[in-house]
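Novice: Any chance you could fold what I've pasted below:
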Amino acid sequence: MPLRLVTEQRGAATAEYAIATMAAVGFAGLLVVIMRSDEVRGILTELVRNALSFSG
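Specialist: Numbers count the residues shown, from 1 in each chain. Down below sits the predicted model:
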């Protein structure tokens with residue numbers, strides 16, 4: 001009778017989802033900090049203003 005290697009991976013998918021969720025929350029937090037910057041807000045406002053006033 002051959003020996004079989006049995007590994008428990010019951011919670012592996014849940015752990016992967018938890019890690020991915022934590023990474024997404026961290027990235028969202030970083031974006032919030034960046035978007036609160038007056039310089040970035042000015043750049044984005046100017047970008048939108050230029051895009052809306054484009055007449056070709």
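
Novice: residues making contact with the lengthiest helix in the chain?
Specialist: Ranked by residue count, the top helix of the chain under DSSP state H comes out as helix 12-35. Defining contact as CB atoms under 8 Å, 6 or more residues apart in numbering, one finds that helix 12-35 is touched by Val40, Arg41, Leu44. For every residue, glycine as well, the C-beta is placed using N, CA and C.

Novice: Take the residues you listed and lay them out in TSV including distance to Thr14, secondary structure and pLDDT.
Specialist: Output for those, formatted as TSV (distance: CB to CB, whole Å; DSSP: H, G, I helix; E, B strand; the rest coil; pLDDT from 0 to 100):
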residue	distance to Thr14	secondary structure	pLDDT
Val40	36	helix	89
Arg41	38	helix	88
Leu44	37	helix	88
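
Novice: Turn the residues you listed into CSV, including distance to Ala18 and neighbour count.
Specialist: Below are the contacts of helix 12-35 laid out as CSV (distance: CB to CB, whole Å; neighbours: other CB atoms under 10 Å):
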residue, distance to Ala18, neighbour count
Val40, 30, 13
Arg41, 33, 12
Leu44, 32, 11
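
Novice: Go through stretch 35-44 and flag the buried ones.
Specialist: When burial is assessed from 16 or more other CB atoms under 10 Å, stretch 35-44 yields no buried residues.

Novice: Show me how far it is from its chain's centre.
Specialist: The chain centroid and the centroid of stretch 35-44 are separated by 19 Å, computed with CA atoms, centre = their mean, to the nearest Å.

Novice: how far away is Tyr17 from Ala24?
Specialist: 10 Å (CB to CB, to the nearest Å).

Novice: what's the answer for Ile43, then?
Specialist: 24 Å.

Novice: go on, Val32?
Specialist: From Val32 across to Ala24, the span is 13 Å (CB to CB).

Novice: again with Ser53
Specialist: Applying CB to CB to Ser53 and Ala24 gives a distance of 35 Å.

Novice: which of those two has more neighbours?
Specialist: Ala24 (10 against 7; other CB atoms under 10 Å).

Novice: Skip the chain neighbours and tell me the closest residue to Leu44.
Specialist: In space, and not counting its chain neighbours, Leu44 is closest to Met35: 8.0 Å by CB to CB, 6 or more residues apart in numbering.
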